[in-house]
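> Based on what follows, work out the 3D shape:
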Amino acid sequence: MLDPYKIREDFPILKRRINDNPLIYFDNAATSQKPKQVIEAIKGFYENHNANVHRAVHTLSQEASELYENAHEEVAKFINAKGMEETVFVRGTTEAINLVAYAWGLHNLRKDDEVLITLMEHHSNIVPWESLSKMIGFQVKYAEVNNDGTLSYEAFEKMVSSKTKLVCFSHVSNVTGVVNDVKRIVKVAHEHGALTLVDGAQSVPHLPVNVKDLGVDFLAFSGHKMLAPTGIGVLYGRREILEKMEPFHGGGEMIREVSFDPVARRCSISWNSLPWKFEAGTPNVCGGVGLMEAVKYLKKTGMENVETHEEMLTVYTMRHMQECKNVEIYGPKSASAKCGIIPFSVAGLSSHDVALALDNYGIMIRSGFHCAQPLHQMLKLQSSARASFYIYNTREEIDRFIEVLKEIEQF
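The predicted structure is shown next:
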């Protein structure tokens, strides 16, 4: 088991007071806080190594390039990819999904094809496919969810056919915390010749994720949800697929050679090797350095310990929330089916009312649709409040949260 009290010493922001109350941060599904090790790594990069990568032979550029490449290697090991060639750095999960849509989907999907998505998806895993379908004409199909927010596997499996070319789904729902059976979904998709794209934004920071074991073709996740800075994320892709894909952006870094033919009056272009083929322009070098430090921090903590700690917090919170007379919890009633996320409501109050009331006591939660409006519609919810946990949260914080919830109930 990890020691959240010792871990908290590494997070300067947790010393803040909000409205004269100790800060209690329960909005980790939106973004995590950053430990001093990550903050100091970013500071150290700008103070000692700042230069563009892969552009020059001078010392600073060589140092920056080595750090940036090491970051790719560290991430590859973290998710058990074959190597850094399979880890493309992007701005976040959203860009990673868009990269697949436009670098793979635009060149491989045809009018009679189908892309299968679940109704629990974040908008980032819906909008790119709907937009692309308007350009190409393929059909986007949606797998149903049950009343508790879990995926209806039987209905899903009936929807997969020879027309299905890609199955897109969340490893963990950002609304209910439901953990999907990735292996089962991947197996069915592959049996029908379809590729799989997994939104790992809520799983990679919280669970041990092994891409080889899961068998996924693509995995997208964000650094800012796992202790790293904003503006850095990762697209994992199987090397044999990435090799065949066209680049997403054009410009510097992603090319090997551009030569001008004076007769044809055109330039011929050859692409760079992986992963640089998909990282056009000056990359977020500092973000990569911060992500590397965050990965090292999580590896030292132990992802199994992270998972166990969050499960303990979830069980404890749900048990005590059930003591509240006017609080309703959405999603599975069993905490073992969830991953550190609890959506709820207080009778007679909107989710924003609840969030603002909690903020008065220094407790930070999320309110609204959580960028998953279709799921809220399926669950017949106008919106929801959401508490989500991470490695630095404690039982004492939850006790205070429950105490305040009971006060809010009286409103």
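> The stretch 151-300 of the chain: strands as residue ranges?
164-170, 195-199, 218-222, 233-237, 255-261, 266-271 (DSSP state E, counting those that start in this stretch).
> The first one pairs with which strands, parallel or anti?
Just to be clear, that refers to strand 164-170. Partner strands for strand 164-170, per DSSP bridges, with pairing direction: strand 114-118 (parallel), strand 195-199 (parallel).
> want to throw those strands into JSON lines with mean neighbour count and distance to Phe26?
Any C-beta I mention is one placed from the backbone N, CA and C, and that applies to glycine too. Output for the strands paired with strand 164-170, formatted as JSON lines (neighbours: other CB atoms under 10 Å; distance: least, CB to CB, whole Å):
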{"stretch": "strand 114-118", "mean neighbour count": "24", "distance to Phe26": "26"}
{"stretch": "strand 195-199", "mean neighbour count": "26", "distance to Phe26": "22"}
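> Leu106 is nearest to which of these?
strand 114-118 (12.3 Å; CB to CB).
> tell me the most buried of the strands of the stretch 151-300 of the chain?
strand 233-237 (a mean of 29; mean count of other CB atoms under 10 Å).
> So which residues make contact with it?
By CB atoms under 8 Å, 6 or more residues apart in numbering, the residues outside strand 233-237 that reach it are 75, 79, 81, 86-93, 95-96, 99-100, 211, 216-224, 245, 278, 291.
> now the angle between strand 218-222 and that strand, please.
Using axes from the mean of the first three to the mean of the last three CA atoms, to 10 degrees, one finds that strand 233-237 and strand 218-222 are set 170 degrees apart in direction.
> so for strand 233-237, what's the average pLDDT?
For strand 233-237, mean pLDDT is 98.
> Mind listing the strands that strand pairs with, and their directions?
Partners of strand 233-237 in its sheet, by DSSP bridges: strand 87-90 (antiparallel), strand 218-222 (antiparallel).
> Kindly reformat those strands as a markdown table containing mean pLDDT and distance to Glu311.
Converted to a markdown table, the strands paired with strand 233-237 look like this (pLDDT from 0 to 100; distance: least, CB to CB, whole Å):
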| stretch | mean pLDDT | distance to Glu311 |
| --- | --- | --- |
| strand 87-90 | 98 | 28 |
| strand 218-222 | 98 | 20 |
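> any chance of those strands in CSV, plus distance to Lys111?
As requested, the strands paired with strand 233-237 are exported to CSV (distance: least, CB to CB, whole Å):
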stretch, distance to Lys111
strand 87-90, 28
strand 218-222, 23
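> returning to that earlier point: make TSV out of the strands of the stretch 151-300 of the chain and add distance to Asp359.
What follows is those, written out as TSV (distance: least, CB to CB, whole Å):
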stretch	distance to Asp359
strand 164-170	28
strand 195-199	28
strand 218-222	24
strand 233-237	28
strand 255-261	49
strand 266-271	49
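> So for Asn70, which of those strands sits nearest?
Taking the strands of the stretch 151-300 of the chain one by one with CB to CB, strand 233-237 is closest: 14.4 Å.
> If you tally nearby residues, what's the number for Lys187?
Per other CB atoms under 10 Å, the neighbour tally for Lys187 reads 13.
> Before we move on, what's the pLDDT of the closest residue to it other than its chain neighbours?
Nearest non-adjacent residue to Lys187, counting by CB to CB, 6 or more residues apart in numbering: Gly215, 7.5 Å away. Note for Gly215: predicted pLDDT of 98.
> Would you confirm that Gly215 contacts Glu191?
No: look at Gly215 against Glu191 with CB atoms under 8 Å: they stay out of range, at 11.7 Å.
> Pick out whichever of these two has more residues nearby.
Gly215 (16 against 10).
> one step back: what's the closest of the strands of the stretch 151-300 of the chain to Asn19?
strand 218-222 (29.2 Å).
> Walk me through the domains of this structure.
4-30+302-409, 39-299 (automatic domain parsing).
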